[in-house]
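J.: Have a look; sequence and predicted model below, questions after that.
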Amino acid sequence: MKQITLISGKNGTGKTSLTAAFAAMVQNAAFADCDVDAADLHIIFTPNIIEQFDFVGNKKVVIQQEECIRCALCHTLCRFSAIDHIRNQFYVREFSCQGCDLCRKSCPVGAIEQIDRKSGDYFISDSRFGLIVHAQLGVGEDFSGKLVTLVRENALKVANQYNKEYIIIDGPPGIGNTAMSSINGVDLALIIAEPTQSSLHNLKRMFTLTTKLAVPAAVIINKSDLNPEMTIEIINYCQENKLQLIAEVPYDRDFTYAMFQQKSLTEYKPESPTVAIIERAWNRIQKQLFL
Ligand code: SF4
Ligand code: SF4
């Protein structure tokens, strides 16, 4: 089984639209939406949830009032000022707490507990393209790297269970923790670039990351006709660094119109020249995967 992650330096490069366009033409794949902070693949996939799970990102610190002897030691020790007191009752300010566990370990009467705190949900769903694992992180919640790992683990599980040949992953933008979790160990990181100076800068950073993680990388330049000079600069960078250029995809408003109708471009306008380019891109990806 081969795993492919589409990544980009920032939102809006067309990563999700390209993932969906591939999804409609690839047989025998499972999918994972690892852009957990701004998940949107479900807009096109319109999945039917089969299973829903709680995502426990962190522990919550709770003071059992009936056991507390009001010694104030936890309040004194907490260097994040996360323990406050009102009318001689001590309580934890959830958003200030860093989960260091010092208060629980120090409490002389064991009045402090750490309990699981739900930070979001993740889902295994069915769709017209196949099974998809996706997630929803709670507002203001962190630990998205951990959630990406869970989404990938479950995608791998269903892909193995149903004998899938590919897992196609819509990755998060940037080179942070979530990006690392979404490309670690995959067979190909497909970097979606745009013909802008900042996108070239991001491409370089992402290539450095994939090299560090020993993940093979390749590039698609999306909206390539919007700035031909920059497209040539990106092509030159790819050639100099032996980074395979999979395709140059021109700007196409139909990606947006397709999304309005909750469709991939492949479904919305199958006769489109852009779809033909994406089909050729998929053939090249397969060649790269099975070299
Ligand atoms: S250390 Fe324990 S007993 Fe003392 S105030 Fe805090 S919770 Fe209460
Ligand atoms: S776990 Fe650490 S940060 Fe949180 S309230 Fe206790 S001492 Fe403060």
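T.: All right, it came through fine. Ligands and ions are numbered 1, 2, ... in the order given.
J.: CA atoms for contacts and neighbours, from now on please.
T.: Noted.
J.: residues of whichever strand or helix holds residue 44 that come out buried?
T.: Counting by DSSP states H and E, the element that carries residue 44 is helix 41-45. Neighbour-count burial for helix 41-45 flags 41, 42, 44, 45 (criterion: 16 or more other C-alpha atoms under 10 Å).
J.: could you give me the average pLDDT of that helix?
T.: Per-residue pLDDT values over helix 41-45 give a mean of 94.
J.: Also stretch 1-14?
T.: Here stretch 1-14 scores 92 as its mean pLDDT.
J.: The helix or strand where residue 54 lies: partners in the sheet, and parallel or antiparallel?
T.: Using DSSP H and E, residue 54 sits within strand 48-63. Sheet pairing for strand 48-63, assigned by DSSP bridges, gives strand 112-126 (antiparallel).
J.: how big is the angle separating whichever helix or strand comes after the partner strand from strand 48-63?
T.: Per DSSP H and E, strand 112-126 leads on to strand 132-137 as the next helix or strand towards the C-terminus. Strand 132-137 and strand 48-63 meet at an angle of 30 degrees, taking axes from the mean of the first three to the mean of the last three C-alpha atoms, to 10 degrees as the criterion.
J.: which other residues reach strand 132-137?
T.: With contact meaning C-alpha atoms under 8 Å, 6 or more residues apart in numbering, strand 132-137 is reached by 30-34, 36-37, 39, 42, 47, 119-126, 144, 147, 151-152, 154-155.
J.: give me every residue that touches the residue lying closest to residue 170 once chain neighbours are set aside.
T.: Computed as C-alpha to C-alpha, 6 or more residues apart in numbering, the closest residue to residue 170 that is not its neighbour in sequence is residue 33, at 4.9 Å. Counting by C-alpha under 8 Å, 6+ apart, residue 33 touches 39, 40, 41, 132, 133, 134, 135, 151, 169, 170, 171.
J.: Looking at these, which two lie furthest apart in space?
T.: The distance between the two most remote of the contacts of residue 33 (C-alpha to C-alpha) is 14.6 Å, for 40 and 151.
J.: If you count surrounding residues, which of these two has more?
T.: Set residue 40 next to residue 151 and count neighbours by other C-alpha atoms under 10 Å: residue 151 wins out with 26 against 17.
J.: I'd guessed residue 64 sits against residue 109; true?
T.: No. Using C-alpha atoms under 8 Å, residue 64 makes no contact with residue 109, being 10.3 Å away.
J.: Does anything pack onto the strand or helix carrying residue 17? Which helices or strands?
T.: With elements taken from DSSP H and E, the one containing residue 17 is helix 15-23. Judged by 3 or more C-alpha pairs under 8 Å, 6 or more residues apart in numbering; DSSP states H and E, helix 15-23 is in contact with strand 2-8, helix 41-45, strand 166-173, helix 265-268, helix 273-289.
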